[in-house]
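A.B. asks: take this sequence and fold it.
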Amino acid sequence: MDISVCGIHLRDCERLFFEKFYRSLSTIQGREYFVVVTCNRIEIYFLSKKKTAVFSDIREYLEKLYIYEGEFAFYHLCYVLSGLDSIFIGESNIKYQIKKAYELQKKSLGSLMHFFIQKAFKVSKEIRNRFVDEGKVNTLESYIIEKVGQMETRESILFVGYSSINRAIANRVISSNLFRQVVFNTDHENIKYKRLERKQLHKWIDYDCVVVATKSNKKLLHVADLRDQERECVLFDLSVPRNIEAEISNYCRVIDMVGINRGQEDKNEAYREAKVYAMQRALFFRDLARRRER
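C.D. replies: Numbers count the residues shown, from 1 in each chain. Presented below is the predicted three-dimensional model:
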C-alpha cells in the first residue's frame, strides 16, 4: 500500500511541542490526508507520493515525529486500532475515536485511503479478538474513578464539556455513588445532569473535583478564578490543547495526560512487548499461509 504516516505520541515529547504540532494541523487538513487527533497522539496518513508536500508543511516538527511507510504504516494503524499502543493497553476508545475521525473526513479521501483504513479496522478486530482480554482491560474512566475514590472530600464534581469521555466518567461516578452532586458545564439544555452555564465557569473552584475534556483551543480555567480561596480541589485536564492555566497547579492538584502517561508507562512496557511480539508473529504466519494457498 502506497500510504505513509507521520505522527507523535505525548509520551515521547514535551507537552508544549505536542500542542504546537496540534495547532499546525490547520495548514495541512483538507488535502486528501487522514488526520487522527486524540488526547495522546497526533497522526497524519497520506499518499506516499505526497510526502514532499506533507513534510514541507511540517518540516519544523519532523525531527521528533515517527514515520512509517507502506506495509509498516498499515501495521502501525492496526496496532493503534487494536489498543495495543494506548496508555491503557487494549482499551477500545481509540477505535471509536478513529472511526469518528474517518466519518468526518471520508468525503475528502480517495479510494486507496478508504481501502487502507477499512482493511485496518478489519485486521485490528482480529487482533483484539485474539490478544486482548476484554475483562482485564483498564480504561481512562476507571483510572479517574480510582483517583477520585481516594479523595477525602467528595461532595461535588464538575465536568467541563459534554464530551463522550466526560459522560462515561459521569455515569461511573453516579453508579458508584462517589459524589452527592454531579454537574456539567455546558450549553446543552436537554441533558440528564444538573447544568452550570458556560458563563458561570469561573465558579469551578466551588467544586471538589473538576474534569475538563473539551475541543476548545482556549484556556477555560484561570488562576484568577481562585479569588484568594484556600480550598483543596483536584482537577483532571484531558484536553488537547490544555484548557487549564499552568499556574493553577501551584494551588490545586492538576492531573493531565502527561502525568497519566508516566503513571502507566512502567506497567505497560512488559505487557506491550509481549503483545506486540504475539501480534507480529500472528500476522507473519497468516500472510505465509495465504501465500501458500495461492
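A.B. asks: for the nearest residue to residue 110 once chain neighbours are set aside, what are its contacts?
C.D. replies: Nearest-residue entry for residue 110: residue 32, 5.8 Å, with adjacent residues in sequence omitted and distances by Cβ to Cβ, 6 or more residues apart in numbering. Heads up, the C-betas are built off the backbone N, CA and C, glycines and all. Applying Cβ atoms under 8 Å, 6 or more residues apart in numbering to residue 32 gives the contacts 46-47, 50, 108-110, 113.
A.B. asks: what do you get for residue 94?
C.D. replies: Here residue 94 is in contact with 38, 80-81, 83, 86 (Cβ under 8 Å, 6+ apart).
A.B. asks: ok so residue 54 is a helix residue?
C.D. replies: Yes: according to DSSP: H, G, I helix; E, B strand; the rest coil, residue 54 belongs to a helix.
A.B. asks: who are the neighbours in contact with it?
C.D. replies: Contact analysis of residue 54 by Cβ under 8 Å, 6+ apart lists 6, 28, 33, 44, 46.
A.B. asks: lowest pLDDT pick from the residues you listed?
C.D. replies: Lowest pLDDT within the contacts of residue 54 is found at residue 28 (73).
A.B. asks: surely it meets residue 58?
C.D. replies: Yes: using Cβ atoms under 8 Å, residue 28 is in contact with residue 58, at 6.9 Å.
A.B. asks: helices of the stretch 151-294 of the chain, start to end?
C.D. replies: Secondary structure of the stretch 151-294 of the chain by DSSP state H, counting those that start in this stretch: the helices cover 164-176, 257-293.
A.B. asks: only the buried residues of the first one, if you could.
C.D. replies: Across helix 164-176, burial judged by 16 or more other Cβ atoms under 10 Å covers 165-170, 172-173.
A.B. asks: between those, which is closest to residue 72?
C.D. replies: The closest of the buried residues of helix 164-176 to residue 72 turns out to be residue 165 (Cβ to Cβ; 30.0 Å).
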